[in-house]
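A.B. asks: please work out how this folds:
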Amino acid sequence: MSPDFSAAAARARGLTTHLFTRGELEALAAHDVAQLARSPKLLVPLPPNPDALDLERAVRLTARHHLRTLTRWDGAGPVLAVFYAEQDRRSLRAMLRGALATAPAEERLAGLIPTPTLPERVLAELARQPTPAAVAAHLFAIGHPEAGRLGPLTAAAQPDLLALEVALMHGAAERSRREATWGDENLRLYVALRIDTANVEAAVLLATARDVDAERCFVEGGHAFTHEQFLSVVNAKHAAARLREVLLHTPLVALVNDPERAGFVLALSMQQRAARLAPLSSAPVLLFLLRLEAQERDLRGILRGAALGAPAAVVLTELVTP
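C.D. replies: So this is what the prediction gives:
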């Protein structure tokens, strides 16, 4: 029997009204960052004349506030657990990439959402670690579930980024599948879509890494991109063309050129539709969580665009909030 999502769905719909609308984000994309600092939708006090780092932190802590509110409502648990697994993957990928590139701590934190297993203070500490091995060691110290998976892969002087990416994909998929068993069919279909997206991402990465064992890179649990199709893409002479061919008659075809971004946009649009058709399912809760992530992504892009002086038209093309 599926859990009752009605209370959480109602709260999620209410919380959505506290997120930035598409129109508000488009206005911010015109580089009026001062407007962001004045917005009541940021729930964290800001210092006078805040800089980009102050705003980035306020965005993260606002997301944390919304998540804590949603946690108190019956039915949100399984959906939040799946969302947290995905956010941990995003955060750890940013930390490992940042350590490999010796990026400043603030760059590693940009666009991330704190979770119960990676709260703000832990993210800040991870962002200061000098190497991937130090990131893994800190995860061991706090008992994070991905520590054992990442530890051996970070032992080398120059860890393999693809191996780390694959490990994070497997870890997030395992957590998501386990948590989705406590949800409804919509949540399980969502998890399958995200696993399909991860496999498309892996296939694209493997197209330029022929010496990697493709078998270990495939993640079980998807629906629309099979193991056989995955291997046929990885082993094809023209991988991009083969990927487009096997995905042609599925919604995943949109992922061919940019799997990560397009996969997120596809998941968001599918939950919009599901929330209309099944308003008492997990869909309204998932939709709010994806809108929250979209806001995080978009505000990060807006702040980065403002710092670089990018034309507003360029920033607008990167927005994912519907």
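A.B. asks: what about L55, neighbour count?
C.D. replies: Burial measure for L55: 22 neighbouring residues, criterion other Cβ atoms under 10 Å. Bear in mind the C-beta positions are built from the backbone N, C-alpha and C, glycine included.
A.B. asks: now do the one 5 residues further on
C.D. replies: When neighbours are defined as other Cβ under 10 Å, R60 has 23 of them.
A.B. asks: that one is in what secondary structure piece?
C.D. replies: Element membership for R60, per DSSP states H and E: helix 52-71.
A.B. asks: where does pLDDT dip in the stretch 201-322 of the chain?
C.D. replies: 209-211 (pLDDT under 70).
A.B. asks: please repeat the previous calculation with a cut-off of 90.
C.D. replies: Low-confidence segments of the stretch 201-322 of the chain, defined by pLDDT under 90: 204-216, 235-240, 257, 306-310, 312.
A.B. asks: tell me which other helices or strands the longest helix that the chain contains touches.
C.D. replies: For the chain, the longest helix by residue count, based on DSSP state H, is helix 283-308. With contacts taken as 3 or more Cβ pairs under 8 Å, 6 or more residues apart in numbering; DSSP states H and E, helix 283-308 sits against helix 6-16, helix 22-28, helix 33-38, helix 52-71, helix 77-100, helix 185-206, helix 259-277, helix 312-317.
A.B. asks: can you give me the helices in the stretch 101-250 of the chain?
C.D. replies: 105-109, 120-127, 132-142, 147-150, 161-180, 185-206, 227-234, 239-247 (DSSP state H, counting those that start in this stretch).
A.B. asks: could I get the buried residue list for the fifth one?
C.D. replies: Using 16 or more other Cβ atoms under 10 Å as the burial criterion, the residues of helix 161-180 that qualify are 161, 163-177, 179-180.
A.B. asks: what angle do it and helix 185-206 make?
C.D. replies: 170 degrees (axes from the mean of the first three to the mean of the last three Cα atoms, to 10 degrees).
A.B. asks: so helix 161-180 versus helix 77-100, what angle?
C.D. replies: Using the same axes, to 10 degrees: helix 161-180 against helix 77-100 is 170 degrees.
A.B. asks: tell me what helix 161-180 is packed against?
C.D. replies: Packing partners of helix 161-180 (3+ Cβ pairs under 8 Å, 6+ apart): helix 77-100, helix 147-150, helix 185-206.
A.B. asks: before we move on, what about the last one?
C.D. replies: Under the contact definition 3+ Cβ pairs under 8 Å, 6+ apart, helix 239-247 sits against helix 185-206, helix 227-234.
A.B. asks: dump the residue contacts of the closest residue to P279 other than its chain neighbours.
C.D. replies: Spatial nearest neighbour of P279, excluding adjacent residues (Cβ to Cβ, 6 or more residues apart in numbering): A9 at 6.5 Å. By Cβ atoms under 8 Å, 6 or more residues apart in numbering, the residues touching A9 are 75, 279-285.
A.B. asks: how far out from the middle of the chain is stretch 139-147?
C.D. replies: Distance of stretch 139-147 from its chain centroid, counting by Cα atoms, centre = their mean, to the nearest Å, is 20 Å.
A.B. asks: flag the shaky bits of the stretch 1-150 of the chain, pLDDT-wise.
C.D. replies: Ranges of the stretch 1-150 of the chain meeting pLDDT under 90: 1-4, 29-35, 48-49, 52, 74-75.
A.B. asks: rerun at 70
C.D. replies: Counting by pLDDT under 70, the low-confidence segments of the stretch 1-150 of the chain come to 1, 31.
A.B. asks: just to revisit the earlier point, adding distance to P114, write the helices and strands packed on helix 283-308 out as TSV.
C.D. replies: TSV is the format used below for these (distance: least, Cβ to Cβ, whole Å):
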stretch	distance to P114
helix 6-16	16
helix 22-28	21
helix 33-38	19
helix 52-71	5
helix 77-100	8
helix 185-206	20
helix 259-277	19
helix 312-317	25
